[in-house]
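Enquirer: Got a sequence here, can you model it:
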Amino acid sequence: MNSCSKVSKQKLMLFLFFVIHWSGQAQTQNIECLDKLIQEKIDVMSYVYEEDTLIFAIVAPELLFYSQGQYELEKFLLSDIMPYDFSFGPFQMKKAFILTYDDNSDPNFKAFLEIENQINLMHVYIEKTSHHSTREKIQLYNSGKIGTDYRFKSLKCYEMTYFEISKYLMTHMKALRMYR
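Expert: Residues are numbered from 1 along each chain as shown. Here you go, the predicted model:
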């Protein structure tokens, strides 16, 4: 099979997968803008997915919106001028989260702007929350409590909970991996 027909077959399979998987749910919602965001962030999303699929499932919604401009602003805000516990880095971690799961009692928060440091901390988080289901880990990570599926407010084009968008993104990444 030549590479052109292989790519066409992959696109057809992905299209069919999403038509079957999201039929009924996509009728009143616009998932095209969601898929466009995925394509814009595919490199970083693939990197995290390949590193650890559970970490990806937990932080994938945040990865969709993180940008270099946001990185620069957060780097400036972390210069001790901002005492507020805001979310930062590719996984949008809060200082309180880092303090809870990092062994260092006085961590260098700027170091957590880097994806590798956030991945390492997520391994600790996963280990310490091993008794929770994936859904509970997602809830706890994104809201600080278990039992409520909050809507992902940054996503204007499609109203989904953190868990629903995580599930959609996991399915998307599995389909991409299958047809590489």
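Enquirer: For the residue positioned nearest the centre of the chain, give me the pLDDT.
Expert: By Cα atoms, centre = their mean, the chain has its centre lying nearest to residue 60, at 1.2 Å. Looking at residue 60, its pLDDT stands at 88.
Enquirer: Then residue 19?
Expert: So, for residue 19, pLDDT stands at 46.
Enquirer: And the one 3 residues further on, by the same measure?
Expert: The score at residue 22 is 44. That number is its pLDDT.
Enquirer: Please tell me how far the residue nearest to the centre of the chain sits from residue 98.
Expert: 20 Å (Cβ to Cβ, to the nearest Å). For every residue, glycine as well, the C-beta is placed using N, CA and C.
Enquirer: Contact partners for the residue nearest to the centre of the chain?
Expert: Applying Cβ atoms under 8 Å, 6 or more residues apart in numbering to residue 60 gives the contacts 45, 48, 165, 166, 169, 170.
Enquirer: Find me the pLDDT at the fifth one, would you?
Expert: What the model reports as pLDDT for residue 169 is 86.
Enquirer: And for the second one?
Expert: The score at residue 48 is 92. That number is its pLDDT.
Enquirer: Can we start the residue count at 24 from this point?
Expert: Yes, from this point I'll number from 24; that puts the last item at residue 71.
Enquirer: Remind me which helix or strand it belongs to.
Expert: Using DSSP states H and E, residue 71 maps to helix 65-74.
Enquirer: Return the list of helices and strands in contact with that helix.
Expert: helix 76-86, helix 138-151, helix 185-201 (3 or more Cβ pairs under 8 Å, 6 or more residues apart in numbering; DSSP states H and E).
Enquirer: hmm, 7 Å instead?
Expert: helix 76-86 (3 or more Cβ pairs under 7 Å, 6 or more residues apart in numbering; DSSP states H and E).
Enquirer: Buried ones in the helix it packs on, by neighbour count?
Expert: Within helix 76-86, the residues scored as buried using 16 or more other Cβ atoms under 10 Å are 76, 78, 79, 80, 81, 82, 83, 84, 85, 86.
Enquirer: orientation of it relative to helix 138-151 in degrees?
Expert: Orientation of helix 76-86 against helix 138-151 (axes from the mean of the first three to the mean of the last three Cα atoms, to 10 degrees) gives an angle of 130 degrees.
Enquirer: Just the CA atoms of helix 76-86, as CSV, please.
Expert: Only the C-alpha atoms of helix 76-86 are listed here, as CSV (Å, rounded to 0.1, in the frame of the first residue of the first chain):
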residue,chain,number,x,y,z
THR,A,76,-1.7,7.8,29.3
LEU,A,77,-3.1,8.2,32.8
ILE,A,78,-1.4,11.5,33.2
PHE,A,79,-2.7,12.5,29.8
ALA,A,80,-6.3,11.5,30.8
ILE,A,81,-6.0,13.8,33.9
VAL,A,82,-4.5,16.9,32.3
ALA,A,83,-5.5,16.7,28.6
PRO,A,84,-8.2,19.4,28.8
GLU,A,85,-5.6,21.8,30.2
LEU,A,86,-3.2,21.0,27.4
